[in-house]
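Undergrad: Predicted coordinates and the sequence they were generated for:
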Amino acid sequence: VAKTSLTSPPWPEVKLPDPVEEAKYHAEVVQKVTKMIATGQYGRLFAVVHFASKQWKITSEDLIMMDNVLEAECGDRIRMEKVLLVGADDFTLIGRPLLGKDLVRVEATVIEKTESWPKINMRFWKRHNYQRKKIITNPQTVLRINTIEIFPCLS
Amino acid sequence: MVLLSAPRWLRSRLTDRFWRVQEVLKYARHFRGRKNRCYKLAVRSVRRAFVKSTKARREKKRFLRALWITRIEAASLEHGLKYPAFISNLLKSQVELNRKMIADLAIYEPKTFKSLAALAQRRRQEGFLAALGDGKEPAGIFSRIVHHY
């Protein structure tokens, strides 16, 4: 039968690779990455951490400032548990959505607890003799990320 | 004897008018024209500046999100994916990075962004295959593709 414009569907045909071969390839990659982590062949690690309802991209010796109060004294060490992504130069570990606690360890220290610069909140309606001025200082906390460590327990 | 009411020669006069005026003018020093010097004009300008900054703080969030989305769109087009396809497939693969993070990764970690784009593309193809099913037409329906037997 001759090929017309309606013989095949207008979208491009999609073929997935063979599942058996793919499983082999995946196992190989996982083994390689575990070996790399075990031997320590990575340079600087970066991590994406969910903390204080925000996501931060952090490395070691990083400073982070949050716009809220943390119930920890200055100098306390903190372990951040919700890690979404960890990466080095040659490999990245993407969590779905989080990575396991036995895989990554992110440590931070509380350095400073201050207030923000005085922000001015002003409301004004013209011709109505209405103006209100309020000075707001938010409490802030500064953390220093000490280390990010990964352990070779992938599967 | 104790005087219960103040005598008439004692007057209450404003002595720190200079500092009250400076409090307002200090916020107007970098303005253009006479409103950085003259109090009457400066009061109005400073008031408008404060109100605009309050409103801008709420709009900054919208503006930054639009910026992140533009950047993610540009980066994903470099890898052959459009923004809605990229974001929806990432969410379907349970990767919960927000747009700020993905934009930062696209700028500073191009290899990681490439792997995320590949993940989204693969999930997209799996979705297409799941939607198409077997590729056969449903039984008993006369479709456009007429078979010649």
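TA: Yep, that arrived.

Undergrad: Three-state assignment for the residue nearest the centre of chain B, please.
TA: In chain B, the centroid-proximal residue (Cα atoms, centre = their mean) is residue B:64; its distance is 2.6 Å. Per DSSP: H, G, I helix; E, B strand; the rest coil, the secondary structure class of residue B:64 is helix.

Undergrad: ok, and the closest non-adjacent residue to it?
TA: residue B:100 (7.5 Å; Cβ to Cβ, 6 or more residues apart in numbering or on different chains). Any C-beta I mention is one placed from the backbone N, CA and C, and that applies to glycine too.

Undergrad: What does that neighbour show for phi and psi?
TA: Here is the backbone geometry of residue B:100 (degrees, to the nearest 10): phi -60, psi -50.

Undergrad: Was I right to think it contacts residue B:68?
TA: Yes. At 5.5 Å, residue B:100 counts as touching residue B:68 under the criterion of Cβ atoms under 8 Å.

Undergrad: buried residues in stretch A:47-63?
TA: Within stretch A:47-63, the residues scored as buried using 16 or more other Cβ atoms under 10 Å in any protein chain shown are A:47-51, A:55-58, A:60, A:62.

Undergrad: next one: stretch B:84-92
TA: Those would be B:85-87, B:89-90, for stretch B:84-92 by 16+ other Cβ under 10 Å.

Undergrad: again with stretch A:16-35
TA: So stretch A:16-35, judged by 16+ other Cβ under 10 Å, has buried residues residue A:33.

Undergrad: now it: how far from the chain's centre is it?
TA: Centroid separation between stretch A:16-35 and its chain, computed with Cα atoms, centre = their mean, to the nearest Å, is 25 Å.

Undergrad: shaky segments in chain A?
TA: In the predicted model, chain A carries no residue with pLDDT under 70.

Undergrad: in the sheet, who's paired with residue A:150?
TA: Beta-bridge pairing of residue A:150 under DSSP bridges involves residue A:104.

Undergrad: Cross-check the contact I'm expecting between residue B:27 and residue B:47.
TA: No. Judged on Cβ under 8 Å, residue B:27 makes no contact with residue B:47 at a distance of 9.8 Å.

Undergrad: got the residue ranges for the helices in the chain?
TA: If you meant another chain, say so; for now it's chain A. Remark: helices assigned in chain A by DSSP state H are A:19-39.

Undergrad: meant chain B, my bad for not saying
TA: Along chain B, the stretches classed as helices by DSSP H are B:17-25, B:39-78, B:83-92, B:99-108, B:110-132.

Undergrad: Provide the partner residues of the residue nearest to the spatial centre of chain A in its beta bridges.
TA: Centrality entry for chain A: nearest residue to the mean C-alpha point is residue A:48, 1.7 Å, by Cα atoms, centre = their mean. Judged by DSSP bridges, the bridge partners of residue A:48 are residue A:57, residue A:85.
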